[in-house]
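Visitor: How does the following fold in three dimensions:
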Amino acid sequence: MEKSCYIIINRTKGGELFMAVKILSDSACDLPDDIIEELDIEILPIVVIKGDEEYLDKITIDPKDMYDEMRKGAVYKTAQIPSTVFQEKFEEIAKSGDPAIYIAFSSGLSGTYQTSLIVKDSLKEKYPEMDLDIVDSKSASVGFGILVHKAGKMAKEGKSKEEILKMLDFYVKHIEHIFTVDDMETLFRGGRVTRTQAFVGGLLSIKPVLDIPEDGTLRPIEKIRGRKKVMGRMIEIMDERGGHADLKNQIIGIDHGDDLEGALKLKELIEEKYGCTDFIINIIGSAIGAHSGPGTLSVFFLNEKYEE
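Guide: Presented below is the predicted three-dimensional model:
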């Protein structure tokens, strides 16, 4: 894996010099490449598996190709980031002396967060001065990405690690995920919903609406017949959960399982209803898409306004 280049930026705060915080995350955050590059965020790839072949999300597998194969019946699985990858990266951070925050994929959906904690703990004796915090995002895809994006922006602006961690604590508690999938069988194969939930979801063109509650897991909340009605209901849920959270001035996240037309239609509905102007829109990467499948649509927003 390519070595990262740590750029130490000396800034002044209260007359004292301090180093910029390094932000790390994993590929389940589904941020667009231009944002990752602009904010110097380092992304660790989740492992994607097809048969006997292993791929690194966003490096050796393209989500569009994966969705094309899934439409033909291919089944993909995922594996968490190996502990050796965390060990190499965390040692690099420890040796650099830089403050850093690793924002992890939801512990309710992956073992990645727990593995990162174990690796960090194993390095404490060797590197007692290592300045690394690990945050459980309890989020997924661009909802997770909104947290990482905000952390990256704050780090670039020279905010302290404590300020960024305070923001992340708020965002973890208040980020909403509202999404629908075309085929719940994909979620079932990945172990994300029960057989009964998948069976009911497949009846009579019923489209499920799901969210991610406070424990960071997946939860089917409603069943709607037809794609158009599902989109309308997603907009209504935004109002029910975020109507008092100044949606107009938030960054709204939208992602899609190779359905850009659907994503743009959802964006248009949100613009018309709430007057929103700032969006992060991206295709769902292979780490999430292996479980959600083609045709997934999601919207992400805060249910309370964050006060800087």
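
Visitor: For the rest of this, base every contact and every neighbour count on C-alpha atoms.
Guide: Will do.

Visitor: show me where the protein has helices.
Guide: 33-38, 63-71, 83-96, 112-123, 141-156, 161-174, 184-189, 195-201, 227-242, 260-274, 286-292 (DSSP state H).

Visitor: ok, and what's touching the first one?
Guide: The reference is to helix 33-38. Helix 33-38 is contacted by residues Glu42, His149 when judged by CA atoms under 8 Å, 6 or more residues apart in numbering.

Visitor: re the thing from before, out of the helices of the chain, which is the most enclosed?
Guide: helix 286-292 (a mean of 27; mean count of other CA atoms under 10 Å).

Visitor: Keeping just the C-alphas, turn it into PDB.
Guide: The C-alpha coordinates for helix 286-292 follow below in PDB (Å, rounded to 0.1, in the frame of the first residue of the first chain):
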ATOM      1  CA  SER A 286     -18.100  -1.600  -3.300                       C
ATOM      2  CA  ALA A 287     -17.800  -2.100   0.500                       C
ATOM      3  CA  ILE A 288     -21.400  -0.900   1.100                       C
ATOM      4  CA  GLY A 289     -22.800  -1.800  -2.300                       C
ATOM      5  CA  ALA A 290     -21.900  -5.500  -2.000                       C
ATOM      6  CA  HIS A 291     -24.600  -5.600   0.700                       C
ATOM      7  CA  SER A 292     -27.100  -3.000  -0.600                       C
END
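
Visitor: Please name the residues that touch Ser137.
Guide: Contacts of Ser137 (CA under 8 Å, 6+ apart): Ile103, Ala104, Phe105, Ser106, Ser107, Phe144, Leu147, Leu168, Val172.

Visitor: and the gap between the second one and Ile35?
Guide: Think Ala104. Separation of Ala104 from Ile35 (CA to CA, to the nearest Å): 18 Å.

Visitor: Quick check: mean pLDDT of stretch 28-38?
Guide: Mean pLDDT, stretch 28-38: 97.

Visitor: Actually, stretch 101-109.
Guide: 97.

Visitor: measure that stretch end to end?
Guide: With CA to CA as the measure, the ends of stretch 101-109 fall 20 Å from one another.

Visitor: Residue numbering should commence at 339 henceforth.
Guide: OK, 339 is where the count begins now, so the last one is stretch 439-447.

Visitor: Tell me where the stretch 539-646 of the chain is predicted with low confidence.
Guide: Counting by pLDDT under 70, the stretch 539-646 of the chain shows low-confidence ranges at 539-542.

Visitor: quick one: which of the helices of the chain is nearest Leu556?
Guide: The closest of the helices of the chain to Leu556 is helix 522-527. By CA to CA, the value is 9.7 Å.
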